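Asks: coords please:
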Amino acid sequence: MNAVNSSFSGSESKLYHVGLSMLPHVGGTLAKQLINYCGSAEAVFTSPVRHLSRIPGIGEKIIGGIKNSSTILDRAEREIIKCGQEGVQILTYSDEAYPERLRHIFDAPILLYYKGQAKLNQSRVISIVGTRQATAYGKEVVATIVNELSTYQPLIVSGLAYGIDIHAHRAALKAALPTIGVMGNGMDTIYPAMHRQDASQMLLNGGLLTENPLGTKPDARKFPARNRIIAALSDATIVVEAAVKGGALITANLANDYDREVFAVPGNWNQPYSKGCTKLIKEHKAHILTQTTDIVELLNWDVDAPKGEEKQKPVFQVELDDEEQQLVDVLAKQTEAMQLDVLSWHTQFSVSKLAAVLLTLEFKGVIRSLPGKKFQLVRG
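Replies: Residues are numbered from 1 along each chain as shown. Okay, here's the model as predicted:
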């Protein structure tokens, strides 16, 4: 083995952490157990067989891999050098920059590969996940949630996938919020490829994160493991649209396992991508999310909210009843037109009731109707 004795200039501790992550049959839980028993990642490779054999869960195959590790450590050295060349940080489990929320789950990875500018230990972090077959309603709800939470400057986490995930990232970029894409492959591959431009923009204010070494392909079996990182990185996971089976429900269930808050957005019960959210709510695995203040209040973000001038509510020279005023207050928070379904979600009015209130407000000259079943406040 020449990895330690070479001219390699990186930290030996990092070298052994990377090597440990590359050992066959050793996942994050066993790796941490080895480190805890041996005292350090380096000590795992230098401990005698009799010591290793006393560690629970460590059998002959794993011991054999540790004792014949020269090739692994050479690979680890090359990995560290290449990451340095490509601007990828390797965060070990003991590094200060390693996400604190993630560190405390039982199956946390012993190291992460990270590229970007955002701090992973921000005070407010939320994950937004959902179906790859996002509807117009789902996309607009995502945009509304991110836009209304932008005052609190949260870090937005998702999985860079099609559908709700990528729209969460794009909404964060539009709102100038940091956003992290957690990947199920190596840092040298953007998957899906059509999100490469989004990923490049994310690196300027957010970042990309994975537990997989360079060269790891986007294999389907990697994505459930990726979901645990999405769930654990955040204070809360928001499921916008989801089928009864799939990655979003896996992420929500993992968030529950990690004692994180979970929110689910209700939708049309006839739609297949509302049924996963309904299932979470019915099984008491998620709070029903009808307005973004639900998130703010449950996570206590309003306790130390940024001080600033309150937006002045528009005043109309017409009399409004309580329902009309409620609808006006929702529209007043937006600079863009809102879709009928999204207004229904915010107000919790049925679509038929909402249509009646909208029609009355339109007659009064308070709102205007736009193509695509969208509505906007008439501002003076």
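Asks: please count neighbours and contacts with C-alpha atoms only from this point.
Replies: OK.
Asks: give the buried residues for stretch 58-67.
Replies: 58, 62, 63, 65, 66 (16 or more other CA atoms under 10 Å).
Asks: neighbouring contacts of it?
Replies: 23, 24, 25, 26, 30, 44, 45, 49, 52, 53 (CA atoms under 8 Å, 6 or more residues apart in numbering).
Asks: which among those residues count as buried?
Replies: Buried members of these, counted by 16+ other CA under 10 Å: 23, 26, 30, 44, 45, 52.
Asks: would you reformat the buried residues of stretch 58-67 as TSV and include distance to residue 336 and secondary structure?
Replies: Output for these, formatted as TSV (distance: CA to CA, whole Å; DSSP: H, G, I helix; E, B strand; the rest coil):
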residue	distance to residue 336	secondary structure
58	59	coil
62	58	helix
63	61	helix
65	59	helix
66	59	helix
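Asks: with those residues in mind, which one is nearest to residue 252?
Replies: residue 58 (31.6 Å; CA to CA).
Asks: and the gap between that closest one and residue 216?
Replies: As for residue 58, its distance to residue 216 is 26 Å (criterion: CA to CA, to the nearest Å).
Asks: then residue 226?
Replies: Residue 226 is 13 Å from residue 216, by CA to CA.
Asks: could you check which of these two has the larger neighbour count?
Replies: Remark: of residue 226 and residue 216, residue 226 carries more neighbours, 21 against 15, as counted by other CA atoms under 10 Å.
Asks: not counting residues beside it along the chain, what's closest to that one?
Replies: residue 184 (5.3 Å; CA to CA, 6 or more residues apart in numbering).
Asks: report how many residues lie close to that neighbour.
Replies: Residues contacting residue 184 under the criterion other CA under 10 Å number 27.
Asks: buried ones in stretch 366-375?
Replies: Buried, per 16+ other CA under 10 Å, within stretch 366-375: 366, 367, 368, 369, 374, 375.
Asks: centre of the chain to it, how far?
Replies: 33 Å (CA atoms, centre = their mean, to the nearest Å).
Asks: and for stretch 40-48?
Replies: The chain centroid and the centroid of stretch 40-48 are separated by 34 Å under CA atoms, centre = their mean.
Asks: quick one: mean pLDDT for that stretch?
Replies: Averaging pLDDT along stretch 40-48 gives 90.
Asks: for that stretch, C-alpha coordinates in PDB please.
Replies: The C-alpha trace of stretch 40-48 is given here as PDB (Å, rounded to 0.1, in the frame of the first residue of the first chain):
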ATOM      1  CA  SER A  40     -10.800   6.600  14.600                       C
ATOM      2  CA  ALA A  41     -11.100   5.700  10.900                       C
ATOM      3  CA  GLU A  42      -7.400   5.200  10.600                       C
ATOM      4  CA  ALA A  43      -7.400   2.800  13.600                       C
ATOM      5  CA  VAL A  44     -10.000   0.600  11.800                       C
ATOM      6  CA  PHE A  45      -7.300  -0.200   9.200                       C
ATOM      7  CA  THR A  46      -4.500  -0.700  11.700                       C
ATOM      8  CA  SER A  47      -6.300  -2.700  14.500                       C
ATOM      9  CA  PRO A  48      -5.400  -6.300  14.800                       C
END
